[in-house]
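# got a structure for you, letters missing:
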């Protein structure tokens, strides 16, 4: 029973791979055929356009005017078709415009076939009589095609401009954030003597606050003078006690001479 199951699975895999290979071959052949057909169509179109251009410049009279009408019609319709097909891939709202162009293409193909038949018409007088009507139809079709094409291009350009404006606004915001120090310099500084003070030496901090501290006298190393530099303003005295102050505990200043100790005989 196990061997039969394995054989069945192998057979199924074999047929699956064969079917997949056939499908891939058909798809590749179809894509190659479409590519060849597209190349042949483009080559035929290029040859026909070159022929029409040569006729419009080389043949005077009715034949040249018919060739010019066909060339104008084909050029306008092809340019509009390329613009709409390229735009609908990025802007799905152009699908309705593509549908309108397909309806317009029906009239354009009918006119192109009629112009092509009239090129082989031997009665030039009848063809000359029909030329004003043919020119009017050509102008109406090409005008509609040009309107669709330029409207699609203007729409794409407007979208691009809006996206560029939004991008520029975001870049300006980011550039302002990167230059944050310019905003801080332009903003008003906080009031107060120590609001914008940077850390520095004691002399610098004293100069910033407007207070001049007395420097210690050279050669004196008592702690009273050193404490004087970090205390209150110069000349400030401690409140007097009720009892008489001790002369040894009074605040001393750098310009005062130290009292000599009394000696007892």
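Perfect, thanks for sending it. Remember, predicted model here, so these are calculated numbers, not experimental data.
# going by C-alpha atoms from here, please, whenever you check contacts or count neighbours.
Will do.
# show me what the helix or strand hosting residue 33 is packed up against.
For residue 33, the element it lies in under DSSP states H and E is helix 2-58. Secondary-structure packing of helix 2-58 (3 or more CA pairs under 8 Å, 6 or more residues apart in numbering; DSSP states H and E): helix 62-88.
# show me what the following helix or strand past the helix it packs on is packed against.
Downstream of helix 62-88, the next assigned helix or strand under DSSP H and E is helix 95-119. Applying 3+ CA pairs under 8 Å, 6+ apart, we find helix 95-119 packed against helix 62-88, helix 124-178.
# which one of those is the most hemmed in?
Among the helices and strands packed on helix 95-119, ranked by average contacts under mean count of other CA atoms under 10 Å, first place goes to helix 62-88 (a mean of 18).
# which intervals of the stretch 151-265 of the chain have sub-threshold pLDDT?
Filtered on pLDDT under 70, the stretch 151-265 of the chain yields the residue ranges 183-265.
# what about 80?
Scanning the stretch 151-265 of the chain for pLDDT under 80 picks out 180, 182-265.
# quick one, which of the helices and strands packed on helix 95-119 gets closest to residue 3.
With CA to CA as the measure, helix 62-88 is the member of the helices and strands packed on helix 95-119 nearest residue 3 (56.6 Å).
# about what we covered before: and the helix holding residue 33 with helix 62-88, angle?
Counting by axes from the mean of the first three to the mean of the last three CA atoms, to 10 degrees, helix 2-58 lies at 140 degrees to helix 62-88.
# mean confidence (pLDDT) on helix 2-58, please.
Helix 2-58 shows a mean pLDDT of 78.
# returning to that earlier point: could the helices and strands packed on helix 95-119 go into CSV alongside distance to residue 33?
Compiled in CSV, the helices and strands packed on helix 95-119 are given as follows (distance: least, CA to CA, whole Å):
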stretch, distance to residue 33
helix 62-88, 22
helix 124-178, 30
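# can you tell which of those helices is closest to residue 100?
Of all the helices and strands packed on helix 95-119, helix 124-178 sits nearest to residue 100, with 8.9 Å by CA to CA.
# wait, isn't residue 66 in contact with residue 120?
No. Using CA atoms under 8 Å, residue 66 makes no contact with residue 120, being 10.5 Å away.
# please verify my assumption that residue 58 contacts residue 67.
No. Between residue 58 and residue 67 there is no contact under CA under 8 Å: 10.2 Å.
# give me the neighbour count for the nearest residue to residue 127 once chain neighbours are set aside.
Nearest residue to residue 127 in three dimensions, chain neighbours excluded: residue 118, at 6.7 Å (CA to CA, 6 or more residues apart in numbering). Residue 118 is flanked by 19 other residues according to other CA atoms under 10 Å.
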